[in-house]
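next input, structure requested:
(chains A and B)
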Amino acid sequence: MEFTNPQESLEHFRRRLGIAGGFVLFCFGLLILRFLWLQVVQHSYYQTRAEDNRISLVPVVPNRGLILDRNGVVLAHNYSAYTLEIMPSRAGNLESVIDQLAEIIEIQPKDRKRFRKLLDESKNFESLPIRTRLSDEEVAKFTAHRYRFPGVDIKARLFRQYPMGALASHLLGYIGRVTDQDNDKIEDQNQEDNYRGTDHFGKSGLEQHYEFDLHGRTGFEQVEVDAGGRAVRTLASTPPTPGNNLTLTIDAKLQEIAEKAFGDRKGALVAIEPSTGGVLALVSVPNYDPNLFVDGIDSSNWDQLNTSPDKPMINRALNGAYPPGSTFKPYMALAALQYGKRRPEQTIFDPGYFMFGGHQFHDDKKGGHGTVDMYKSLVVSCDTYYYMLANDLGIDNISNFMRQFGFGQRSGIDIEGESEGTLPSQEWKRKRFKNSGQQKWYAGETISVGIGQGYNAYTPMQLAIAVTALANNGVRVRPHLVKSIADGRTGQSVPVELQPFNSIPLKPENLEVIRNAMIGVNKEGTGARAFAGAEYVSAGKTGTAQVYSLKGEKYTEGSVKQHLRDHALFIAFAPADKPTIALAVLVENGGFGAQAAAPIARQVFDYYLLGKLPKEPAPTDEQAVEDDQ
Amino acid sequence: MINTLRHLLRRLTDPIDPPLMALAAILLGISVLVLGSASPDRLGAQCINVLAALVVMRMAAQIPPQRLMRLALPIYIVGLTLLLAVMEFGEVSKGARRWLNLGVMRIQPSEVMKIAMPLMLAWYFHKREPLIRLRDYCIAVLLLLAPVVLIAKQPDLGTAILVLAAGFFVIFFAGLPWKIILGLVAAVAAAAPMAWTVMHDYQRARILTLLDPEADPLGKGFHIIQSTIAIGSGGIFGKGWGQGTQAQLDFLPERHTDFIFAVISEEFGLLGNLVLLTVYALLIGRGLMIAANAPTLFTRLLAGSITLIFFTYAFVNMGMVSGILPVVGVPLPFISYGGTALVTLFLGIGILMSIHKHRMLVQK
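Predicted coordinates for the structure are as follows:
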């Protein structure tokens, strides 16, 4: 381009300047339009988004309800402790954040492992603990470095604690972190809002069954937060309502004595207050320390609990099903009286065996008990009497009668996952087996059912309910563990409504015969040694359940491996005339009922009725004679 | 005595253009006000930056344009050499190679180019007067692209755009024919897809983010979402000084540097924005006026280009913060925290003042 005249060149330049100035104004105009759009037209939308950024509704988790025994002894409570938590979505590279944290606060490999496990299980915006139970010094140290760690913060959390350790662990259960399954339950109950911020949930036992009572109502705090998610100040708040406190029917001291009475043996005990159905003690040993689960159990403890051959995680009282052995006989005798198949004084002759279908059913006593009436049949536990009786009654009469006592049915106790057990009948066998050849009931199978063997399998809870019905003149109670629930806010205690009892139509004189014979068992029969010198009258029945069927050989304890040894059983109630406690005891692989189970019942009765404290675990009475199986 | 002092003061303020100084002072005042809210800790450091920048301005205002013209070629060559040196020996920081460590100090040669570029081109066209051929425009474009490409490869997109703009303004004012300008626009539109393939991932991400910030609300879109929220929630009157929740609660990233405009918008609202735009418009207007009255082609081109650089800074920054331009690292002129940009900007102001002061002298 050529400008001959400087003036023309200047004009041209000035025109371009003008164009540039116009362009500037045009661009600024665009900006102004943009500002008008954002700040005037869309203002309320962005206003809301800024408020959403700023204000966060923080749930305030309520105190979980306490669990107390019938005398107010604390079995589960909470304590407050500081945890160091990371919000993964805001923390950036977790590995390096944790490494940097470890320079300030001790973080062990197991803490990292647990955090990783929690991270795998967690949802996006959850805050997860990397360390729990920080000391005051650690809290101060971290606070000084807090600015370096966005998305990491100290939180005061409540931790569940079971002050009695392993005591009653199976009935208390434990809590653990909320899982997807737990969330389904929370949704079923429409409790999503109430569980915002809650990270623990009852996993078993009463903690599970009464989760929604124990939890309480979550409070909310409206807080102003910064971009790191940290609360700057509180704008408004609704305080939480603590969970309801449970008062149990359990007597913690009795529970402790019962658990200790087992020593290092495995087994279960259920003791019930006959007038109410309240469970006084519910033992399953070995047990475990529920405190291990609260922070998230580490893998070595978890493996140990799950792979132990003693199976400490199984609640034997509700989930173990065992043949009742001779503890079945009092109900068989009662059935005979009710159906009119036997009179009390009617006798049979026991040669030591019962022949049926060309097969010899042995009595445990060689040569037999001779002439045996009903009283003697129970006191000495004569098998032959019951082989014959079972044959006379027939399987369906037996199962119809037994069903009234709760055999083979869930008790409805306030713990989830109870087993049903097996009450054999023709119908049961038809349903149980697929193969048509196996579906038929053989009369020979009825014979061993008569002495509590065969297909019989009941939970210790069912045995306890049945004996409670005997103690209760035929009234069958619904067992329960919670006596009353106290409102978390007002403290007002409401007794748990008792379920209507089932009255079994029994003739009082028939019941009297059985009760009298059971008193005889503890006075002069198989239970006499265990109850020698007792300052009260008790009624009982020993039992021994075969785990292992011997083919023609004589059973001798020494020659059979520990885990194949017989289970020892004992059912009892006391005082006999006006029972205040009824129980069932099972000692796994304990041998004879009289040897292993009855002495445990003696210690429990002695404490409950007389306040006597035992000096040591119940002895195994090697001298006790046991004639039954 | 008093006379001596008055004399000294007059000598000190003699080359300073009062309107330009007043407008720059208003912007510095806004800067201090906003930094006091967004990042009070940095106020002291910024005051030192301002003093340094004012000294540079005063010195530049003293230099006659003829001497600047003599310096144009050497500065350009030194700048280009330094850029090449950065390619070889530069220090990497935040994924970009921008700094050169000279032992005594670290310098960013690309920053030098913001002034060296218009100086060089203005000198070139001045030399070619009165007959500027098409060939001259081509040479000018090559002189422009060499440093721009080097800077873009560092990578420093923000500075590359500013240097490119500075050079383009000179060529535009030198009378580049409209046919070619329109042709260039068409060529750029056609080359855009090709540029896409050679861009760095983060540069592409910025453009994608502009198109749809909500697609990645916690990642790359976070800056833009939070700054538009800040601007929008400011409304007409703003939330008040120190009351911007987006700024005060850390939701706004880079709130003392590249995103400081969002703080102004949030706390002073649309009114604050209009005041700011008005001051910029007046500053640019004054600059264009100086250019219009400049005596030689060199001074005209230089003044016009420097003035429009101020505009480019302001428009690119406010455009990106309000979400109509992609995020490139361009500060808000005279207001963002940081010494380098401030010194460069006041060097420009100083040159404008010098051109204005010496307009009569040359004509004589």
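
ok, now how distant is A:Pro575 from chain B?
According to CB to the nearest CB, to the nearest Å, A:Pro575 and chain B sit 72 Å apart. C-betas here are computed from N, CA, C, even on glycine.

and the helices in the stretch 201-350 of chain B?
B:201-211, B:222-234, B:245-248, B:260-292, B:297-321, B:339-357 (DSSP state H, counting those that start in this stretch).

now do the stretch 1-150 of chain B
Under DSSP H, counting those that start in this stretch, the stretch 1-150 of chain B gives helices at B:2-13, B:18-38, B:43-62, B:65-89, B:109-128, B:134-152.

right, is the longest one up against chain A?
No. Contact check for helix B:65-89 against chain A, using CB under 8 Å from any CB of the partner chain: none in range, with a minimum separation of 15.8 Å.

and the residue nearest the centre of chain A, what does it touch?
In chain A, the residue lying closest to the centroid (CA atoms, centre = their mean) is A:Gly205, at 2.3 Å. Neighbour list for A:Gly205: A:169-174, A:315, A:415 [criterion: CB atoms under 8 Å, 6 or more residues apart in numbering or on different chains].

cool, and A:Leu498?
For A:Leu498, counting by CB under 8 Å, 6+ apart, the contacting residues are A:276-277, A:478, A:480.

next: B:Leu249.
Each residue near B:Leu249 by CB under 8 Å, 6+ apart is listed here: A:53-54, A:224-227, A:232.

just checking: what are the partner strands of the helix or strand where A:Ala81 lies?
Remark: A:Ala81 resides in strand A:74-86, with elements defined by DSSP states H and E. Sheet pairing of strand A:74-86 (DSSP bridges) gives strand A:67-68 (antiparallel), strand A:128-131 (antiparallel), strand A:152-161 (antiparallel).

where are the low-confidence patches of chain B?
Across chain B, the ranges flagged by pLDDT under 70 are B:94-95, B:103-105, B:209-220, B:361-364.

could you chop it up by domain?
B:19-62+B:200-364, B:67-196 (automatic domain parsing).

about what we covered before: out of the helices of the stretch 201-350 of chain B, which gets nearest to chain A?
Closest to chain A of the helices of the stretch 201-350 of chain B is helix B:222-234 (CB to the nearest CB; 2.6 Å).

pull out the buried positions in the closest one.
For helix B:222-234, burial by neighbour count (16 or more other CB atoms under 10 Å in any protein chain shown) applies to B:222-234.

that one: how far from the chain's middle?
A distance of 23 Å separates the C-alpha centroid of helix B:222-234 from that of its chain, computed with CA atoms, centre = their mean, to the nearest Å.

same question, stretch A:400-412
Put simply, stretch A:400-412 sits 22 Å off its chain's centre (CA atoms, centre = their mean).

would you mark the buried spots in it?
Buried residues in stretch A:400-412, counting neighbours by 16+ other CB under 10 Å, are found at A:401-402, A:404-409, A:411.

ends of that stretch, how far apart?
The stretch stretch A:400-412 measures 20 Å between its terminal residues, going by CA to CA, to the nearest Å.

can you tell me what sits against it?
With CB under 8 Å, 6+ apart as the test, stretch A:400-412 has contacts from A:318, A:331, A:334-335, A:338-339, A:399, A:418-423, A:425, A:428, A:458-459, A:461-462, A:465-466, A:469, A:476, A:478-479, A:499, A:502, A:504.

CSV for the contacts of A:Leu498, including neighbour count?
Converted to CSV, the contacts of A:Leu498 look like this (neighbours: other CB atoms under 10 Å in any protein chain shown):
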residue, neighbour count
A:Thr276, 17
A:Gly277, 23
A:Arg478, 17
A:His480, 22
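
identify the farthest-apart pair in those.
Farthest pair in those (CB to CB) is A:Thr276 and A:Arg478. Separation: 9.6 Å.

before we move on, the earlier item: which of the helices of the stretch 1-150 of chain B sits most buried?
helix B:109-128 (a mean of 24; mean count of other CB atoms under 10 Å in any protein chain shown).

how far does that one sit from the chain's center?
Taking CA atoms, centre = their mean, one finds the center of helix B:109-128 at 15 Å from the center of the full chain.

format the CA atom coordinates belonging to it as CSV.
In CSV, the C-alpha atoms belonging to helix B:109-128 read as follows (Å, rounded to 0.1, in the frame of the first residue of the first chain):
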residue,chain,number,x,y,z
PRO,B,109,11.4,-14.4,27.8
SER,B,110,7.9,-14.8,26.4
GLU,B,111,6.9,-11.8,28.5
VAL,B,112,9.6,-9.7,26.9
MET,B,113,8.0,-10.5,23.5
LYS,B,114,4.7,-8.7,24.4
ILE,B,115,6.5,-5.4,24.0
ALA,B,116,9.4,-6.5,21.8
MET,B,117,7.0,-7.7,19.1
PRO,B,118,5.1,-4.5,18.4
LEU,B,119,8.4,-2.6,18.7
MET,B,120,10.0,-4.7,16.0
LEU,B,121,7.1,-4.7,13.6
ALA,B,122,6.4,-1.0,14.1
TRP,B,123,10.1,-0.4,13.3
TYR,B,124,10.0,-2.6,10.3
PHE,B,125,7.0,-0.8,8.7
HIS,B,126,8.4,2.6,9.6
LYS,B,127,11.6,1.6,7.7
ARG,B,128,9.4,0.6,4.7
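
can you name every helix or strand that that helix contacts?
Under the contact criterion of 3 or more CB pairs under 8 Å, 6 or more residues apart in numbering or on different chains; DSSP states H and E, helix B:109-128 touches helix B:65-89, helix B:134-152, helix B:157-173, helix B:297-321, helix B:339-357.

so for A:Tyr288, which of those sits nearest?
Of those, the one closest to A:Tyr288 (CB to CB) turns out to be helix B:297-321, at 60.3 Å.

is the closest one anywhere near chain A?
Yes. Judged by CB under 8 Å from any CB, helix B:297-321 comes into contact with chain A at B:297, B:300, B:304, B:308, B:311, B:315, B:318-319.
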